[in-house]
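**Student:** Next come a sequence and a model predicted from it.
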Amino acid sequence: MTVRVDPSRMANAIRALAMDAVEKAKSGHPGLPMGAADVATVLFTQFLKFDASDPTWPDRDRFVLSAGHGSMLLYALLYLTGNPSMTIDQIKNFRQLGSLTPGHPENFVTPGIETTTGPLGQGIATAVGMALAERHMAAEFGGDVVDHHTYVLASDGDLMEGISQEAIAFAGHLKLNKLIVLFDDNGISIDGAISLSDSVDQVKRFESAGWAAERVDGHDAKAIADALTRAQKSDRPTLIACKTVIGFGAPNKAGSEKSHGSPLGADEIAGARKNLKWDSAPFEVPQDILDAWRAAGSRGKAAHDAWAKTLGTKDAAARAEFERRMKGDLPAKALSDAVARMKAALAAAPKEIATRTASEHALEVLTAAVPEMIGGSADLTGSNNTRVKGMVAISANNYGGRYVNYGIREHGMAAAMNGMALHGGLIPYSGTFLVFSDYLRPALRLAALMGERVIHVLTHDSIGLGEDGPTHQPVEHVAALRAIPNLNVFRPCDTVETLECWQLALEAKERPSVLALTRQNLPQLRLANDTDNKCANGAYEISRADGEAKVSIFASGSEVSLAVEAQKLLAARGIPTRVVSVPCMDLLLELPADKRAAIIGKAPVKVAVEAAIRQGWDAIIGSDGIFVGMDGFGASAPYKDLYRHFGITPEAVADAAQARV
């Protein structure tokens, strides 16, 4: 059904809903929705491929509101186009507890939201990953099944954040031509005019990064449509800088920071209604305008139906594989068989290697079993060991590869990984040094918030990296990562634990994981061919006491073998001691209290050993427990000298424990 309504009236529906919702909540950002309403109207009514009745259609275009503070723009669009979950009551409950309209868009709360945004810059960087995932999946499954665009609405603030440079440079390099960024160029930030702090020519900036870029009047529907038409035909990603007036229609606050982040007020809203010729009561949309919007929401149904028919004609195996991967289901038997084979091989021929090397060996079997795994590194491939033999790199000439050279862009890398996971069909993993997790932390935090399966291989995990010194030696980083909710931080002690931790990371469908891995070689402590995954509980007794234990030593990673040596010293002194490996403190602390207590045990003396700070360990050893580790920064020296210098030795552990017995 074709319903013809003046696009400006349709845009005014967005403006009115945004004004009314922010005013009712007494909180929010009306300026962006009012200013960008014309741009959004053109995009959603003429270009965006979507079916409002099914916001999870795999081949829909993705729309990312990078400027998440303008969330009412997106909520208004979802309501107007007929998203089944977005009712007018949800609009009225904007920013209220339990509503589908939180202050910033949250994809795990609201159907139809592609990604959680709010921290500026994250949306545009995440969208790069979505666009890359689209190209890769098209190369693998065919352009008749995967063929969609990724659109971004970005603000000045998004483009000021440093992550935006990482993102646009990477997208330009890979020529992700189905990525289109609409820049809401309103010249205003919270403090006032953008000219207070910035004078970058964004068009030239994007052009220098290999993008097509142009400027248009953001209130001229034809100019916007013409620019989008050109963008869809481009051989490069495109920036369209849409010159807009923030708070468009407001009589006194339009074009001012006063409309940015607070309600307009009753008098200003009355004036805006008059300027916009909007006579309807709050939260009411004239029927002809609502009908036109609902028609726009169903415009993509024919394309959706045609796509479903195309998918139905595919070979049954290919169709099943596509559907499995888009659901996020693992090839369970292939994965378990691969793990079992490698465990048997390690039991037959133990390896004394660094856990980063153990990770590489694990990846050789896992990537063969799980084809949706896409690797990468932030220019540290040879150090992170994330690229296995035969893995082809993705490039602008070959999107079908399975390895991404992200360059020295940790933050952009992590956000792109989020986008790949959100797109569906892929499990991204990548590497950098653990100390550089500081660079990517905001994106990793969002992955945890959204519950996305991304896996970060963070090597050189302690003073054990040696000579590079304290700038590169992580001390507080493991504790800082453990502090993020819904994030599994794995620190395996040997090659078997590394394999088990990889398996757990892959099986954690709704949370990200970190693998903190060593540079130095470690002995293989697990020599039996265990069929169960001992790391699944987060901790387990790796070496029993000879008799009733008087001491329990808890350790992770490289310090587990050190703890085993301390156990031997204590046994020689007549002190029965057990060693508990703690590869994932997060999983241990999530166990029911009785199960957790059974693992921790009843030994009167508890010692924790980790070449990092104490923070977090008191949950296991208590505030009166003994901790052997770091209480400051490291130093530059061979790693064995550093362990002796900082007192992280079997002798130090044994002496400290004996003093308490």
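**Tutor:** Thanks, I have the structure now.
**Student:** Quick one: the strands in the stretch 501-650 of the chain, in order.
**Tutor:** Here the stretch 501-650 of the chain has its strands, by DSSP state E, counting those that start in this stretch, at 513-517, 521-522, 540-543, 551-555, 577-581, 605-610, 626-629.
**Student:** Adjacent strands (with direction) for the fourth one?
**Tutor:** Here strand 551-555 is paired, per DSSP bridges, with strand 577-581 (parallel), strand 605-610 (parallel).
**Student:** Any idea which of the ones you listed gets closest to residue 486?
**Tutor:** Among the strands paired with strand 551-555, the nearest to residue 486 by C-beta to C-beta is strand 605-610 (22.0 Å). All C-beta spots, glycine's among them, are computed from the backbone N, C-alpha and C.
**Student:** and that closest one, what's its mean pLDDT?
**Tutor:** What strand 605-610 shows for mean pLDDT is 98.
**Student:** is residue 215 in a bridge, and if so with what?
**Tutor:** residue 241.
**Student:** contacting residues around it?
**Tutor:** 185, 203, 240-241, 243 (C-beta atoms under 8 Å, 6 or more residues apart in numbering).
**Student:** In TSV: the strands of the stretch 501-650 of the chain, plus mean neighbour count and distance to residue 562.
**Tutor:** As requested, the strands of the stretch 501-650 of the chain are exported to TSV (neighbours: other C-beta atoms under 10 Å; distance: least, C-beta to C-beta, whole Å):
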stretch	mean neighbour count	distance to residue 562
strand 513-517	28	16
strand 521-522	20	10
strand 540-543	18	12
strand 551-555	29	7
strand 577-581	27	10
strand 605-610	26	6
strand 626-629	21	9
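**Student:** how about the ones you listed in TSV, adding distance to residue 173?
**Tutor:** Converted to TSV, the strands of the stretch 501-650 of the chain look like this (distance: least, C-beta to C-beta, whole Å):
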stretch	distance to residue 173
strand 513-517	27
strand 521-522	36
strand 540-543	45
strand 551-555	43
strand 577-581	42
strand 605-610	39
strand 626-629	41
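**Student:** Nearest to residue 660, out of the ones you listed?
**Tutor:** Comparing these under C-beta to C-beta, the one sitting nearest is strand 605-610, at 4.5 Å.
**Student:** Only alpha carbons, please: show stretch 240-258 as CSV.
**Tutor:** This file holds the C-alpha atoms of stretch 240-258, laid out as CSV (Å, rounded to 0.1, in the frame of the first residue of the first chain):
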residue,chain,number,x,y,z
ILE,A,240,27.4,12.3,4.0
ALA,A,241,27.8,15.4,6.2
CYS,A,242,24.2,16.6,6.7
LYS,A,243,24.1,20.2,7.9
THR,A,244,21.3,20.4,10.4
VAL,A,245,19.9,22.7,13.0
ILE,A,246,19.8,21.1,16.5
GLY,A,247,16.4,21.4,18.1
PHE,A,248,14.9,22.2,14.7
GLY,A,249,11.6,24.0,15.2
ALA,A,250,12.1,25.2,18.7
PRO,A,251,11.6,29.0,18.7
ASN,A,252,14.4,30.0,21.1
LYS,A,253,16.6,27.0,21.6
ALA,A,254,17.0,25.7,18.1
GLY,A,255,20.7,25.9,17.0
SER,A,256,21.8,26.1,20.6
GLU,A,257,23.3,23.8,23.2
LYS,A,258,20.2,24.6,25.2
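**Student:** Burial check on residue 150, number of neighbours?
**Tutor:** 27 (other C-beta atoms under 10 Å).
**Student:** isn't residue 94 right next to residue 29, touching?
**Tutor:** No - at 10.9 Å, residue 94 does not count as touching residue 29 under the criterion of C-beta atoms under 8 Å.
**Student:** where do the contact lists of those two overlap?
**Tutor:** Joint contacts of residue 94 and residue 29 (C-beta under 8 Å, 6+ apart) are 22, 72.
**Student:** just to revisit the earlier point, would you list the strands paired with strand 551-555 in a markdown table and tack on distance to residue 24?
**Tutor:** A markdown table is the format used below for the strands paired with strand 551-555 (distance: least, C-beta to C-beta, whole Å):
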| stretch | distance to residue 24 |
| --- | --- |
| strand 577-581 | 54 |
| strand 605-610 | 51 |
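**Student:** For residue 266, which of those strands is the nearest?
**Tutor:** strand 605-610 (58.5 Å).
**Student:** now the helix or strand residue 413 falls within, how far from the centre of its chain.
**Tutor:** Using DSSP states H and E, residue 413 sits in helix 410-423. Centre-to-centre, helix 410-423 and its host chain are 5 Å apart (C-alpha atoms, centre = their mean, to the nearest Å).
**Student:** For it, output the C-alpha coordinates as PDB.
**Tutor:** Presented in PDB, the C-alpha positions along helix 410-423 are these (Å, rounded to 0.1, in the frame of the first residue of the first chain):
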ATOM      1  CA  GLU A 410      43.300  -1.900  19.800                       C
ATOM      2  CA  HIS A 411      40.200   0.200  20.500                       C
ATOM      3  CA  GLY A 412      38.900   0.100  17.000                       C
ATOM      4  CA  MET A 413      39.700  -3.600  16.800                       C
ATOM      5  CA  ALA A 414      37.600  -4.400  19.900                       C
ATOM      6  CA  ALA A 415      34.700  -2.400  18.700                       C
ATOM      7  CA  ALA A 416      34.800  -4.000  15.200                       C
ATOM      8  CA  MET A 417      34.800  -7.400  16.900                       C
ATOM      9  CA  ASN A 418      31.600  -6.300  18.700                       C
ATOM     10  CA  GLY A 419      30.100  -5.400  15.400                       C
ATOM     11  CA  MET A 420      31.000  -8.700  13.800                       C
ATOM     12  CA  ALA A 421      29.500 -10.600  16.700                       C
ATOM     13  CA  LEU A 422      26.300  -8.500  16.600                       C
ATOM     14  CA  HIS A 423      25.900  -8.900  12.900                       C
END
